[in-house]
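Asker: Attaching a predicted model along with its sequence, questions to come.
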Amino acid sequence: SQTIHQWPATLVQPVGSPLSLECTVEGTSNPNLYWYRQAAGRGLQLLFYSVGIGQISSEVPQNLSASRPQDRQFILSSKKLLLSDSGFYLCAWSWESEQYFGPGTRLTVT
Amino acid sequence: AQKVTQAQTEISVVEKEDVTLDCVYETRDTTYYLFWYKQPPSGELVFLIRRNSFDEQNEISGRYSWNFQKSTSSFNFTITASQVVDSAVYFCALTRGGSARQLTFGSGTQLTVLP
């Protein structure tokens, strides 16, 4: 069966510090991978998606970036965090149509 | 452009009551998928159901049922005999066309089931 992992689970970072969130998927190959952010108030915003290694599409301009160095690894990064980057970050994978989500990382920028 | 509207921001019911969560969508695609996800307080999104645009047959799974009506662009979700464990935020979502299958989410409905 497929499993999706995210770490860390929670993170508190100061403004201006770098960020690296990691997502890995087990039990499948060549999945589509996604990063979402959920700010306070519940809305889910698609940040990046990837249909293959090294292929990243950005949905919204921001100070975040994503990379997919391996087939089942998806990384969300920032060189300098802003207060507005606080939120709940969710990674997801899909093969057919359903997307399955990881447990999420709660990021607080102070 | 695609859009999913969940007009009910919050709903409170008493245990054992039935509750319907509304979802209205907009898309120009002729082929698309609709979804419902549940987000309990832990935060993880749990997949509940997928429905493709060619299948308007309603579906029932235990206490859950879904009513898809293409004519009104609606995909409503009913919980029968609600339980406290049903308390969560529920999201309706719609895929875009193409192989990447990006999801457009509604803003969610917070359901609180009181004992």
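Answerer: Perfect, thanks for sending it. Residues are numbered from 1 along each chain as shown, chains lettered A, B, ... in the order given.

Asker: so the nearest residue to residue A:32 once chain neighbours are set aside bridges to which residues?
Answerer: Spatial nearest neighbour of residue A:32, excluding adjacent residues (Cβ to Cβ, 6 or more residues apart in numbering or on different chains): residue A:94 at 4.7 Å. From N, CA and C alone the C-beta is placed, and that goes for glycine too. Going by DSSP bridges, residue A:94 is paired in beta bridges with residue A:32, residue A:99.

Asker: neighbours around residue B:81, how many?
Answerer: When counting by other Cβ atoms under 10 Å in any protein chain shown, one arrives at 12 neighbours for residue B:81.

Asker: Give me the three-state assignment for it.
Answerer: coil (DSSP: H, G, I helix; E, B strand; the rest coil).

Asker: I'd like to check which residues are in contact with it.
Answerer: In this structure, residue B:81 makes contact with B:16-18, B:63, judged by Cβ atoms under 8 Å, 6 or more residues apart in numbering or on different chains.

Asker: mind running it again at 7 Å?
Answerer: Residue B:81 makes contacts with B:16, B:18, B:63, as judged by Cβ atoms under 7 Å, 6 or more residues apart in numbering or on different chains.

Asker: Residue 70: neighbour count?
Answerer: In the absence of a named chain, chain A is used. Using other Cβ under 10 Å, residue A:70 is surrounded by 11 other residues.

Asker: my bad, the chain I had in mind was chain B
Answerer: Look at residue B:70: counted by other Cβ under 10 Å, it has 11 neighbours.

Asker: any idea how far chain A is from it?
Answerer: 17 Å (Cβ to the nearest Cβ, to the nearest Å).

Asker: what residues does chain B put near chain A?
Answerer: B:33, B:43-45, B:47, B:50, B:89, B:91, B:95, B:99-103, B:105, B:107-108 (Cβ under 7 Å from any Cβ of the partner chain).

Asker: Work out for me the element residue A:65 sits within.
Answerer: For residue A:65, the host element (DSSP states H and E) is strand A:64-70.
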